[in-house]
Each structure stands twice: as C-alpha cells, then as structure tokens.
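*Asks:* only geometry, no sequence info:
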C-alpha cells in the first residue's frame, strides 16, 4: 500500500520538487496551497476550521496520513535591527508559525496512528544565528522549530517522527537561469531537499524524531 503524503505549500519550487519526488516513488500525494494552483487543493492554512475539514476529508478518503511536509514559508528582512518592521513579524508569524500550528494540531492524531509517519519542516541556520537584519525571520523560524520539537515529544513512543531540516537558503533552476553567473555557494537545491525529505523514511522513526538535520554540513 502506498504512503499518503500531504505537502503543504506545494506551489513553491521546493513544494513542486517534493511533490514530484513522492509521486515518482508511487506514493499518494495530496498537494495543498492557498490558491489551488497546479491541481492542488485550495486550503487556507490560516483557517483552523478549513484545516480540520482537510483532515476529515483525508481520513475519510484514505484512512491515514503517513507524511506531512510543511513548506509554507516567506522571508522579510531589514538593513539594521532598528529598521525591523513589526508588520514583517506579523506576516512571518502567520506564514511560518500559525499555519504550522493549525496543521500540527489537526493532524497529530493521524500522525500518531500511522505505522511509519513523518512530519517535516524546513528551517534556516538563521534560527540559531540571527543577525541584526533578520530578527523577525530568525525569531519566527526559531519558534517554528520549538513548536515542531514539541510535536516530536508528543510522538515519542509511536512509529512517527517530527523532523527539522536546516538549510542556509534554497535554490532552483529558475534562480540559476535568472542569474547564471551567481555561484549560490551554500545553497541547497530543492531537488536535494526533496531527496532528504524522502530519505527520512529510510531510518527508524525513533532515530530521527526531534532531530535538527543540517543539510549544509
């Protein structure tokens, strides 16, 4: 029986890469984004009721969830600390934290019940090493990591795991085409990210649960 994998934020280049990887592996992939573009389900992940409805639909149709890859993201920064905009914080809180909270609270029971489940977020090194110009972004990423580690604690003793994958930044073919002379040193290709996500099922849940895996190492 194929795995049932939910990809939240599927409209991004990283989301497209993850959807493609799991589709190639023969899994049942449920792609979700805000607009419903590219055949995805249109779900407002900022709406708790809409997320709960999604959970009910997936459980009714498939009876389970074996993986959730949460790729809802965004970035805002400033030149100096004093120029940090709290409007940027409000936006990043919604994108990076609130959507994560709504999804995990709704889907935790299905993850607990899975025979081999994984929950994955992509974080940034900035969460551990914030700079003066990315206070809002780094703080939001750090909060998302803490929330995910709380989920990991809830999954202890089950066959599921919550994992944090860490990058400096992501790169895709469109970026390279737009700036072919740029080296993108230290960036993680979205296809490599997708491979790392899929590879989490190659290890026991207990071995990866609560881990912060640095893809730049």
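*Replies:* Perfect, I can see it now. These figures come from a predicted structure and were not determined experimentally. Residues are numbered from 1 along each chain as shown.
*Asks:* Can you list the buried residues in the helix or strand containing residue 87?
*Replies:* Assessed by DSSP states H and E, residue 87 sits inside helix 86-92. Within helix 86-92, the residues that count as buried by 16 or more other Cβ atoms under 10 Å are 88-89, 91-92. In short, each C-beta sits where N, CA and C put it, glycine included.
*Asks:* mind giving me TSV with the residues you listed and columns for pLDDT?
*Replies:* As requested, those are arranged in TSV below (pLDDT from 0 to 100):
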residue	pLDDT
88	96
89	97
91	97
92	97
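*Asks:* Quickly check those residues for the two that are furthest apart.
*Replies:* 89 and 91 (7.3 Å; Cβ to Cβ).
*Asks:* can you pull the contacts of residue 114?
*Replies:* 64-66, 158-160 (Cβ atoms under 8 Å, 6 or more residues apart in numbering).
*Asks:* change it to 7 Å
*Replies:* With contact set as Cβ atoms under 7 Å, 6 or more residues apart in numbering, residue 114 has these partners: 64-66, 159-160.
*Asks:* By neighbour count, which of these wins?
*Replies:* For those, neighbours were counted using other Cβ atoms under 10 Å, and residue 160 has the most, 28 neighbours in all.
*Asks:* Okay, strands next: where are they in this structure?
*Replies:* For the chain, the strands defined by DSSP state E cover 4-8, 28-33, 41-42, 67-70, 118-124, 161-167, 170-171, 188-189, 212-214.
*Asks:* Now mean neighbour count too, for these, in JSON lines please.
*Replies:* Listed next are these as JSON lines, based on neighbours: other Cβ atoms under 10 Å:
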{"stretch": "strand 4-8", "mean neighbour count": "26"}
{"stretch": "strand 28-33", "mean neighbour count": "22"}
{"stretch": "strand 41-42", "mean neighbour count": "12"}
{"stretch": "strand 67-70", "mean neighbour count": "26"}
{"stretch": "strand 118-124", "mean neighbour count": "25"}
{"stretch": "strand 161-167", "mean neighbour count": "23"}
{"stretch": "strand 170-171", "mean neighbour count": "22"}
{"stretch": "strand 188-189", "mean neighbour count": "20"}
{"stretch": "strand 212-214", "mean neighbour count": "14"}
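*Asks:* For the lengthiest helix in the chain, which outside residues touch it?
*Replies:* The residue-count maximum for a helix in the chain (DSSP state H) belongs to helix 135-155. Applying Cβ under 7 Å, 6+ apart, the external contacts of helix 135-155 come out as 75-77, 81, 84, 88-89, 92-93, 96-97, 100-101, 104, 108, 111-112, 119, 121, 123-124, 126-127, 130, 161-162, 164, 209-210, 212.
*Asks:* Any idea how far that helix is from the middle of the chain?
*Replies:* Relative to its chain's centre, helix 135-155 lies at 11 Å (Cα atoms, centre = their mean, to the nearest Å).
*Asks:* contacting residues around stretch 160-169?
*Replies:* Residues contacting stretch 160-169 (Cβ under 7 Å, 6+ apart): 111-112, 114, 117-125, 145, 148, 151-152, 155, 186-188, 193, 196-197, 200, 205, 208-216.
*Asks:* mind redoing it with 6 Å?
*Replies:* Contact partners of stretch 160-169, identified using Cβ atoms under 6 Å, 6 or more residues apart in numbering, comprise 111, 114, 117-123, 125, 145, 148, 151-152, 155, 186-188, 196, 200, 205, 208-209, 211-216.
*Asks:* partners of the residue nearest to the spatial centre of the chain in the sheet?
*Replies:* Against the mean C-alpha coordinate of the chain, by Cα atoms, centre = their mean, the closest residue is residue 70 at 2.6 Å. For residue 70, the beta-bridge partners under DSSP bridges are residue 8, residue 121.
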